[in-house]
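# with the sequence up front, the predicted model follows.
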Protein chains: 2
Amino acid sequence: MSLEHAILVSLLEQPASGYELARRFDRSIGRFWTATHQQIYRVLKQMADDDRITGVQVGQESLPDKKVWSVTPAGRAALLDWLHAPVRPEAVRHELAVKIRGAAFDDAAGRAALLAEVERYRADHESVLAGYLAGERRDFADPAAPDARAALQHVVLRGGIAYERMVLAWLDDVLATLRALDPDPERPAP
Amino acid sequence: MSLEHAILVSLLEQPASGYELARRFDRSIGRFWTATHQQIYRVLKQMADDDRITGVQVGQESLPDKKVWSVTPAGRAALLDWLHAPVRPEAVRHELAVKIRGAAFDDAAGRAALLAEVERYRADHESVLAGYLAGERRDFADPAAPDARAALQHVVLRGGIAYERMVLAWLDDVLATLRALDPDPERPAP
DNA sequence: GCTTGCTATGCAACAAAGTGCATAGCAGGA
DNA sequence: TCCTGCTATGCACTTTGTTGCATAGCAAGC
């Protein structure tokens, strides 16, 4: 279960409640590990049972109470054990690539629909990239020598930026390929 | 279950046995969808039960018999349904990125170990890229206008190539970042 | 007063994926 | 002759991930 380790890293960077973690997974951490709040709450419960984290109930003004979790020494030790284990090759799961190859067995109308879908998909990635760039300007504008944590966070963010730029360039290639396949006389040159 | 759809695409491109599919998933298809042979045999059985594929027993000289699977009309229809559904955002799972951020909570020795691990990881990706480039030279050398299937296979392969190149460049960035963090006087400049 | 939306936590059921193990014949080398 | 490695298929068990649902208080707008 690597979600556990992603949570340990996030909690070491900053203690948080399940809800806050879920939002981090929707934003910064989500760039390299996705998880829903249901998964997070379940894993947090297990981790508490295994004594990797401890929670403190915190009251808030005009908001429900929350439980803020911190990493225990045992949790930190578990993270270090995992850090020292070999990195496993990443499991790729590119649904869009499967669909593109599958489009060879569809008709022109189906490929036109896929083209529209790719355009939507491209817009999503463009906004993700914009979010990363905004985050970079916000958190890493200072050119002074950063500490280890900031330097490592920044290099991971640069990875996310490079990934999104690569995806956008590739999607342009995909769009051009799809358009060349079924030239559309109704819409000559958009 | 999208493994089912990846298998349908692969079998439409060329009928195959479970074993052959597993090897394709280790090579060309594995660039956008990973699966082990156990997963593949299991899903093939389900797909046969659902009448998406039919198998023919084929005897071989000095090799065990194999069962070659082909897509039925129902299977093709199921694939088209799936093709016309919206693409879901890809689920990212970058263990290495988690470890890099986690390295902030490790000591210099731990980060040195991570650095060696990243170098190994980089070598793996370099050989994957070399494999893709060899495949491209082998299968797409002909500059003549390709048919839809070849054009779509090629654009997906270009995606794999772009991905690997991006990863290699990022890993160089990671290595430089790690080296800057803990300058090693024992090994000044490799 | 009602609806929508946000914070905040969680269970239950189900679907999918991963890990470990087992079998079996043949080829080729030590 | 034994060991290794390849083709070929598959089961059983465990871990993860997804989906749907449920609760509850507060704030803001209509």
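Perfect, thanks for sending it.
# just the buried positions in the helix ranked longest in chain A, please.
Looking across chain A with DSSP state H, the single longest helix is helix A:148-181. Going by neighbour count (16 or more other Cβ atoms under 10 Å in any protein chain shown), the buried part of helix A:148-181 is A:148, A:151-167, A:170-171, A:174-175, A:177-179, A:181. The way it works is simple: take the backbone N, C-alpha and C, and place the C-beta from them, glycine included.
# stretch A:75-85 too?
Here stretch A:75-85 shows A:75, A:76, A:78, A:79, A:82, A:83 as buried, counting by 16+ other Cβ under 10 Å.
# and the fourth one, how close does it get to residue A:152?
Residue A:79 sits 14 Å away from residue A:152, going by Cβ to Cβ, to the nearest Å.
# now the last one
Computed as Cβ to Cβ, the residue A:83 to residue A:152 distance reads 12 Å.
# near DNA strand C, which residues of chain A?
Within chain A, the positions near DNA strand C by Cβ under 7 Å from any atom of the strand are A:17-20, A:22, A:37-38, A:41-42, A:44-45, A:60, A:63-67, A:88, A:91, A:93.
# quick one: the helices in chain A?
A:3-13, A:18-26, A:37-49, A:73-83, A:95-102, A:108-139, A:148-181.
# let's have these in CSV, adding mean pLDDT and distance to residue B:110.
Compiled in CSV, the helices of chain A are given as follows (pLDDT from 0 to 100; distance: least, Cβ to Cβ, whole Å):
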stretch, mean pLDDT, distance to residue B:110
helix A:3-13, 95, 13
helix A:18-26, 92, 24
helix A:37-49, 94, 21
helix A:73-83, 95, 6
helix A:95-102, 94, 36
helix A:108-139, 93, 24
helix A:148-181, 95, 11
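# in contact with residue A:118, which residues?
Counting by Cβ atoms under 8 Å, 6 or more residues apart in numbering or on different chains, residue A:118 makes contact with A:96, A:171, A:174, A:175, A:178, B:87.
# can you rerun that using 6 Å?
Residues near residue A:118 by Cβ atoms under 6 Å, 6 or more residues apart in numbering or on different chains: A:174, A:175.
# cool, residue A:159 as well?
residue B:170.
# before we move on, the earlier item: quick one: buried ones out of the residues of chain A next to DNA strand C?
Looks like those have A:17, A:18, A:20, A:22, A:44, A:66, A:67, A:93 buried, using 16+ other Cβ under 10 Å.
# from these, which are also near DNA strand D?
Okay, of those, nothing touches DNA strand D (Cβ under 7 Å from any atom of the strand).
# for DNA strand D, state which of those residues is nearest.
residue A:93 (8.9 Å; Cβ to the nearest atom of the strand).
# quickly list what the closest one is bridged to.
Taking DSSP bridges as the rule, residue A:93 bridges to residue B:33.
# in chain A, which residue sits nearest DNA strand D?
For chain A, Cβ to the nearest atom of the strand, closest residue to DNA strand D: residue A:1, 2.7 Å.
# number of residues surrounding that residue?
10 (other Cβ atoms under 10 Å in any protein chain shown).
# next: the one 10 residues further on.
Applying other Cβ under 10 Å, we find 23 other residues in the vicinity of residue A:11.
# same question for the one 10 residues further on.
For residue A:21, the count of nearby residues is 24 (other Cβ under 10 Å).
# check the one 5 residues further on too.
Applying the criterion other Cβ under 10 Å, we find 13 residues in the vicinity of residue A:26.
# ok, now how distant is it from residue A:20?
From residue A:26 to residue A:20 the distance is 11 Å (Cβ to Cβ).
# what of residue A:58?
11 Å.
# do the same with residue A:164
For residue A:164 relative to residue A:20 (Cβ to Cβ), the value is 25 Å.
# and for residue A:57?
14 Å.
# again, but for residue A:107
Applying Cβ to Cβ, the value for residue A:107 to residue A:20 is 48 Å.
# check residue A:172 too.
37 Å.
# and chain A, which of its residues are near DNA strand D?
Residues of chain A lying near DNA strand D (Cβ under 7 Å from any atom of the strand): A:1, A:2, A:3, A:34, A:35, A:36, A:38, A:39, A:42, A:62, A:63, A:64.
# make JSON lines out of these and add distance to residue B:113.
Shown next, in JSON lines, are those (distance: Cβ to Cβ, whole Å):
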{"residue": "A:1", "distance to residue B:113": "22"}
{"residue": "A:2", "distance to residue B:113": "18"}
{"residue": "A:3", "distance to residue B:113": "23"}
{"residue": "A:34", "distance to residue B:113": "27"}
{"residue": "A:35", "distance to residue B:113": "27"}
{"residue": "A:36", "distance to residue B:113": "32"}
{"residue": "A:38", "distance to residue B:113": "34"}
{"residue": "A:39", "distance to residue B:113": "29"}
{"residue": "A:42", "distance to residue B:113": "31"}
{"residue": "A:62", "distance to residue B:113": "48"}
{"residue": "A:63", "distance to residue B:113": "43"}
{"residue": "A:64", "distance to residue B:113": "43"}
